[in-house]
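K.L.:
Just the structure for this:
(one chain, ligands or ions: 1)
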Amino acid sequence: MKFFFPDSQDQVDPSFNFETEDRSESRLRHRDDHYAHQEFVSAPFDGILLSMAVIETGGRYTLAQKHRLYRMGIRRFFGLEDTKIETMGDCGAFSYVREDTPPYSVSQVINFYDELGLDYGISVDHVILGFDPRLDEASAPKDWKRRQEITLELAGEFLEEHRKRRSRFTALGVAQGWSPASYAYSVEQLQKLGFSYIAMGGMVPLKTHEILACLERVNQSRNPDTRLHLLGVTRCEQVREFARFGVASFDSTSPLRQAFKDLKDNYWTLDRTYSAIRVPQVQANPSLLRKIVAGRVNQSEARRLEQASLKALQLFDAGNISVDDALGPLLEYESLYDDGPSRSEIYRETLLEAPWRSCDCDICKRIGIHVILFRGAERNRRRGFHNVFVFYQRLHRELGVEDKAECLVLNSGGLK
Ligand SMILES: [Zn+2]
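P.N.:
Numbers count the residues shown, from 1 in each chain. Next up is the predicted model:
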């Protein structure tokens, strides 16, 4: 089963110095920065998923980057030339879910896939925002049925144009539905059109048992050679079941995003998660800045505790001070910016178990304790990349792949 990592221009600066927090003066953003796969000797995913919406409207790409992407093509732009990493494109249908119809035409989307040189292209779709297995075609809201029909019509046009232009990418149709039966109906129609690789859309909000019910039903209608892709679904515990129902690939950003969006499950290991340790930058923490402006916190005192926390964590990692000594300045600093309950116990656990010391990934080996500090994009993104690495290992463990070398794609263009 292949894991595609969705691009949202998450890069890190290899020149960033974690002790001084300085960068190389000659560093050029993007050109010198690294994507996730470039931080590892072996890439922690099989492919990159690029959404048209991220490039066109997401605000992630500057105009200059967009031009460079079109000029260079996807492989050169992401530094994939010497890797086996595959590339897949979709429209990013959740970004226009509130609109009446998809904002992109079939030819626009095929142009996008052709020009960038993608390996796989997903047809234009429209997400149904609702799930109710009790409703059939007659009783489901008209809008749900309409979105399913739009998606099927566009898939037909997509395949026709793909054939006419002799596009080189592999075309995927999208199945949208609101119940196991309606998803199966979509899959049947797509197979009739000629698709043998089908993306299951709109499943992000579904519960695991609902996803499984849909896949089980779809499996009864699935031709033996039809493969499925799950859009935006990460349920590592279920991958064996997914594989049984014909799922050949999926994509997900959650391992990355949990690193800095979750309240406490920020750092993944094979068997559990740990909380990252917050050492916010005084200048970048809104709650702290408000208190400083209101005169409730002394700015130089905040700065002093910020620096003392960083110093204490480095001394702790070097084995020079105890957990309690490291926690002292951290908790004192925390009381300045956070009025909620103290994180002392979860921090103590993170420090006592020091999971970064036993992690095999290139990031933990390179930056040590900094990977677990919740502070600025350079650390937070690297922790996200570490999570992606661990997720990929978990995935193969669940699938029962014994020989890791078999499943990790060697990325010779990675480390500089
Ligand atoms: Zn790691």
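K.L.:
can you list the residues that contact stretch 62-75?
P.N.:
Stretch 62-75 is touched from outside by 9, 30, 48, 50, 55, 61, 77, 80-81, 87, 115-118, with contacts defined as Cβ atoms under 8 Å, 6 or more residues apart in numbering. C-beta here means a position set from N, CA and C on the backbone, and glycine is covered the same way.
K.L.:
Going through the residues you listed, which ones are buried?
P.N.:
Buried members of the contacts of stretch 62-75, scored by 16 or more other Cβ atoms under 10 Å, are 48, 50, 55, 61, 77, 80, 87, 116, 118.
K.L.:
Name the nearest residue to the fifth one, sequence neighbours excluded.
P.N.:
For F77, the nearest residue in space outside its immediate sequence neighbours is L69; the separation is 4.8 Å by Cβ to Cβ, 6 or more residues apart in numbering.
K.L.:
burial of that neighbour, as a residue count?
P.N.:
L69 is surrounded by 18 other residues when neighbours are defined as other Cβ atoms under 10 Å.
K.L.:
Show me which residues of the stretch 301-416 of the chain sit near the ion.
P.N.:
Proximity of the stretch 301-416 of the chain to the ion, by Cβ under 5 Å from the ion, involves residues 359, 361, 364, 386.
K.L.:
hang on, the first one packs against H386?
P.N.:
Spelled out, that is C359. Yes: between C359 and H386 there is a contact at 6.8 Å, judged by Cβ atoms under 8 Å.
K.L.:
Among those two, which residue is more densely surrounded?
P.N.:
When C359 and H386 are compared for neighbours, H386 comes out ahead with 30 against 20, by other Cβ under 10 Å.
K.L.:
Per-residue pLDDT of the nearest residue to that one once chain neighbours are set aside, please?
P.N.:
In space, and not counting its chain neighbours, H386 is closest to I363: 4.8 Å by Cβ to Cβ, 6+ apart. Turning to I363, the model gives it a pLDDT of 98.
K.L.:
Now the phi/psi pair for I363, please.
P.N.:
Main-chain torsions, I363, degrees, to the nearest 10: phi -70, psi -50.
K.L.:
In contact with the nearest residue to L288 once chain neighbours are set aside, which residues are there?
P.N.:
Leaving aside its sequence neighbours, L288 sits nearest to Y337 (Cβ to Cβ, 6+ apart; 4.2 Å). The contact partners of Y337, taken as Cβ under 8 Å, 6+ apart, are 280, 285, 287-288, 291, 297, 302.
K.L.:
swap in A171?
P.N.:
120-121, 123, 158-159, 162, 195, 197.
K.L.:
Give me the residue ranges of the stretch 251-400 of the chain where confidence is low.
P.N.:
The model of the stretch 251-400 of the chain has no residue with pLDDT under 70.
K.L.:
can you give me the helices in it?
P.N.:
254-261, 286-293, 299-317, 323-337, 344-353, 362-367, 376-399 (DSSP state H, counting those that start in this stretch).
K.L.:
Between those, which one is closest to N223.
P.N.:
Taking Cβ to Cβ, helix 376-399 is the member of the helices of the stretch 251-400 of the chain nearest to N223, at 23.0 Å.
K.L.:
For D7, see how far away the most centrally placed residue in the chain is.
P.N.:
Centroid-nearest residue in the chain, with Cα atoms, centre = their mean: T253, separated by 1.7 Å. Going from T253 to D7 by Cβ to Cβ, to the nearest Å gives 9 Å.
K.L.:
now do E56
P.N.:
13 Å.
K.L.:
Neighbour count for these two, which is higher?
P.N.:
D7 (21 against 16).
K.L.:
Show me what the helix or strand containing H209 is packed up against.
P.N.:
Assigned by DSSP states H and E, H209 belongs to helix 208-221. Counting contacts by 3 or more Cβ pairs under 8 Å, 6 or more residues apart in numbering; DSSP states H and E, helix 208-221 packs against helix 180-193, strand 197-200, strand 227-230, helix 239-244.
K.L.:
Rounded mean pLDDT for the first one, please.
P.N.:
It refers to helix 180-193. On average, helix 180-193 scores 98.
K.L.:
got the CA coordinates for it in CSV?
P.N.:
Taking C-alpha atoms only, helix 180-193 is exported to CSV below (Å, rounded to 0.1, in the frame of the first residue of the first chain):
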residue,chain,number,x,y,z
PRO,A,180,-22.2,2.4,1.5
ALA,A,181,-24.7,1.8,-1.3
SER,A,182,-24.3,5.2,-2.9
TYR,A,183,-20.4,4.8,-2.9
ALA,A,184,-20.8,1.4,-4.5
TYR,A,185,-23.1,2.9,-7.1
SER,A,186,-20.4,5.5,-7.9
VAL,A,187,-17.7,2.9,-8.2
GLU,A,188,-19.9,0.8,-10.5
GLN,A,189,-20.5,3.8,-12.8
LEU,A,190,-16.8,4.7,-12.9
GLN,A,191,-15.9,1.1,-13.8
LYS,A,192,-18.4,1.3,-16.6
LEU,A,193,-16.7,4.4,-17.9
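K.L.:
How about the residue nearest to the centre of the chain, nearest residue that isn't a chain neighbour?
P.N.:
Nearest one to T253, counting by Cβ to Cβ, 6+ apart, is P6 at 5.1 Å.
K.L.:
Quick check: bridge partners of that neighbour?
P.N.:
L49 (DSSP bridges).
K.L.:
Isn't H229 up against F242?
P.N.:
No: counting by Cβ under 8 Å, F242 is not a contact partner of H229; they are 10.6 Å apart.
K.L.:
ok, H396 to Y267 distance?
P.N.:
20 Å.
K.L.:
Then I346?
P.N.:
As judged by Cβ to Cβ, I346 and Y267 stand 11 Å apart.
K.L.:
Show me the common contact partners of the two, please.
P.N.:
By Cβ under 8 Å, 6+ apart, the residues touching both I346 and Y267 are 274-275.
K.L.:
Look at these two and report which has more neighbours.
P.N.:
Taking neighbours as other Cβ under 10 Å, I346 and Y267 compare with Y267 leading, 27 against 15.
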